[in-house]
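Q: Predicted model and sequence follow; I will ask about them next.
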Amino acid sequence: MDYKNRRWQRRGNMKQSKSFKLLLSIALTLMLVCSSWAQSTALRRIGVLTPGGDFGPVLEGLREGLAQLGYVEGKQVSFIVEDTKMEALDPVKAAMRLIAAKPDLLVTVATSHAAAAKQVAESIPVVFTVLTDPVQSGFVASYVSSKNNFTGVSNSVAPMSGKRLEVLKEMVPGIKRGLAVVAVKETIAQKSFQFLAESASKLGIQLVRRDVTTKEELEKILLDTPKGSVDAIIHVPAILLRNHINLLVEKAKKDRLPFGVHTEELVKKGALVSYGEDNRLTGIQAARLVVKVLKGVPPSDIPIETPEQPILVVNRTTAKTIGLRIPREFLEHADRIVD
């Protein structure tokens, strides 16, 4: 009798043990599901380091692109934005403030701000935009794999400098001498001028190069360039010149000179024509890379991308101001016209 009781007791204990293991397995599964759900619904924090100003459309495009991919601000993602007011504020200190806020990743705008992030973001993923020649500049190992915590969308501002001169020449065939102001402390300006000089030589255009480091030097150069000494002003991209673009626009209008630039934002401020990437579309393109990072893909596994489509923008009001009649066939090829 005792033997039978012990046997049934063992069977009862085995059933209880199996039931406990089953309950434990169910509990662990529920915990994993809840944890996964919590992670998928938690607000992901995106830090943005930007010069602001004319670069604003990059952030607009980023927000738009993320929303299209199901990452809506305030629901799936939130933004922590450090705007350095076109470098009136120190981008390195701004980057440090972003890191202190512990975002899931950083998005940088412009080469200078990617450099600032590189100084302080040792392991946090970084998606850069508007970055000139990321390989040669030492940000990444190659376009296929950065081999570090960086990925993003580079820009073609420097390589396209020659093409922009061709566009300006097509618009105004009589150009023989062009004023090119170079901000010598900025890498982008130095690289852009190299491509510009190659194209000018092929087109038979003499470049009148003038180097500057400050606003005051820029003002003096424009004052010392007499009317009739050049046929055009050719923009050499740089933050310094972008911050004081009004000085170049005023000179061009006063002397009735065509002024070619690299971005639509400057055409809206009075330049004649631009040919280059659309900053808003660059932001939309970068959003796809941001989503990959948010889903857990290491930046080193995400190839560096280049801008998808340059655009041609013409300011018809400026053309009238300087007395230029734009060929009809040229206007027909314009992607956008500013009036």
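A: Sure thing, it's come through.
Q: bridging residues for the residue most central in space within the chain?
A: Taking CA atoms, centre = their mean, the centroid of the chain lies closest to Thr129, which sits 2.6 Å from it. On the basis of DSSP bridges, Thr129 is bridged to Val109.
Q: wait, doesn't it sit right on Ala286?
A: Yes: shown here, Thr129 and Ala286 form a contact pair, counting by CB atoms under 8 Å, at 4.9 Å. Heads up, the C-betas are built off the backbone N, CA and C, glycines and all.
Q: what residues are shared contacts of these two?
A: Taking CB atoms under 8 Å, 6 or more residues apart in numbering as the contact rule, Thr129 and Ala286 both touch Val58, Leu62, Val107, Gly152, Val153.
Q: And for Lys163, the neighbour number?
A: 16 (other CB atoms under 10 Å).
Q: Would you agree it falls within a helix?
A: Yes: under DSSP: H, G, I helix; E, B strand; the rest coil, Lys163 falls within a helix.
Q: Just give me the neighbour total for Glu250.
A: 12.
Q: Let me know the helix or strand that it is in.
A: Taking DSSP states H and E as the definition, one finds Glu250 inside helix 245-254.
Q: gap between that helix and the chain center?
A: 26 Å (CA atoms, centre = their mean, to the nearest Å).
Q: Check which helices and strands it is in contact with.
A: helix 215-223, strand 232-234, strand 259-261, helix 316-321 (3 or more CB pairs under 8 Å, 6 or more residues apart in numbering; DSSP states H and E).
Q: Give me the residues contacting the third one.
A: The contact list for strand 259-261, computed with CB under 8 Å, 6+ apart, reads 164-165, 167-168, 171, 232-235, 245, 248-249, 252, 267, 270-275, 318.
Q: Which parts of the stretch 1-150 of the chain are helices?
A: Ranges of helices within the stretch 1-150 of the chain are 2-41, 56-68, 91-100, 111-120, based on DSSP state H, counting those that start in this stretch.
Q: mean pLDDT for the ones you listed: which is lowest?
A: If the helices of the stretch 1-150 of the chain are sorted by mean pLDDT, helix 2-41 sits at the bottom with a mean of 52.
Q: distance of Ala232 from Ser146?
A: 39 Å (CB to CB, to the nearest Å).
Q: that older thread, Pro299 is nearest to which of the helices and strands packed on helix 245-254?
A: strand 259-261 (31.8 Å; CB to CB).
Q: partners of the closest one in the sheet?
A: Strand 259-261 has these strand partners (DSSP bridges): strand 232-234 (parallel), strand 273-277 (parallel).
Q: Where does pLDDT dip in this structure?
A: By pLDDT under 70, the low-scoring segments of the chain are 1-41.
Q: Could you tell me which residues within stretch 151-167 count as buried?
A: Neighbour counts over stretch 151-167 (16 or more other CB atoms under 10 Å) mark 151-158, 160-165, 167 as buried.
Q: count of neighbours near Thr282?
A: By the criterion of other CB under 10 Å, Thr282 has 27 neighbours.
Q: How about the one 5 residues further on?
A: By the measure other CB under 10 Å, the count of residues near Ala287 is 23.
Q: Also Gln206?
A: The tally of other residues near Gln206 (other CB under 10 Å) stands at 13.
Q: Settle this for me: it is touching Ile175, isn't it.
A: No: at 9.7 Å, Gln206 does not count as touching Ile175 under the criterion of CB under 8 Å.
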